[in-house]
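K.L.:
Fold the following.
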Amino acid sequence: MKLIIAIVQDEDAPKLVESLMKNNFGVTKLASTGGFLRAGNTTLIIGVKKERLDEAIGIIKKLCKSRKRVTTSPAPNTWSAGVYMPYPVEVNVGGATIFVVDVEDFQKI
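P.N.:
Prediction:
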């Protein structure tokens, strides 16, 4: 058994969760926040049998595409002398960050 931890953009999450559930994957959804843009994203925890791992990752790849977005640069965490001037920055958002972990034991009570 494998555990997939997938971090996806909030706007991709509803379709992804629906598609995974339609294909009989159990999904747990957690709200999370990214570090760079400090924007909301969704972390999905998906337990899968080893033989269905590629199928689950294929669904994630199909529905979570990266795209470009213009945003202002984040404010620095520490202030230095001078004035902070936010400026527009084009960044890639979306896609998915996927971790696959071996599950030694699984029990559903």
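K.L.:
Helix, strand or coil: sort out Phe106 for me.
P.N.:
What DSSP: H, G, I helix; E, B strand; the rest coil gives for Phe106 is coil.
K.L.:
Leu53 now?
P.N.:
Leu53 ends up helix, using three-state DSSP.
K.L.:
Lys62 now?
P.N.:
Look at Lys62: counting by three-state DSSP, its state is helix.
K.L.:
need the contact list for it.
P.N.:
Counting by Cβ atoms under 8 Å, 6 or more residues apart in numbering, Lys62 touches Ser19. Just so you know, the C-beta spots here come from the backbone N, C-alpha and C atoms, and that holds for glycine as well.
K.L.:
Lys50 too?
P.N.:
Each residue near Lys50 by Cβ under 8 Å, 6+ apart is listed here: 1-2.
K.L.:
Show residues contacting stretch 23-38.
P.N.:
7, 13, 17, 20-21, 39-48, 52, 55-56, 59, 71, 74, 91, 93.
K.L.:
Just give me how far it sits from the chain centre.
P.N.:
How far stretch 23-38 lies from its chain's middle: 5 Å, per Cα atoms, centre = their mean, to the nearest Å.
K.L.:
quick one on the thing from earlier: just the buried ones out of the contacts of stretch 23-38, please.
P.N.:
Buried residues within the contacts of stretch 23-38, counting neighbours by 16 or more other Cβ atoms under 10 Å: 7, 13, 17, 20, 41-44, 46-48, 56, 59, 93.
K.L.:
number of nearby residues for the residue lying closest to Gln9 once chain neighbours are set aside?
P.N.:
In space, and not counting its chain neighbours, Gln9 is closest to Gly94: 4.7 Å by Cβ to Cβ, 6 or more residues apart in numbering. A count of neighbours around Gly94, defined by other Cβ atoms under 10 Å, yields 15.
K.L.:
Begin at 32, not 1, for the rest of this chat.
P.N.:
Got it, first residue is 32 now, which makes that one Gly125.
K.L.:
Bridge partners for Gly125, pull those for me.
P.N.:
Beta-bridge pairing for Gly125 (DSSP bridges): Ser97.
K.L.:
and it, what does it touch?
P.N.:
So Gly125 contacts 39-40, 42-43, 95-98 (Cβ under 8 Å, 6+ apart).
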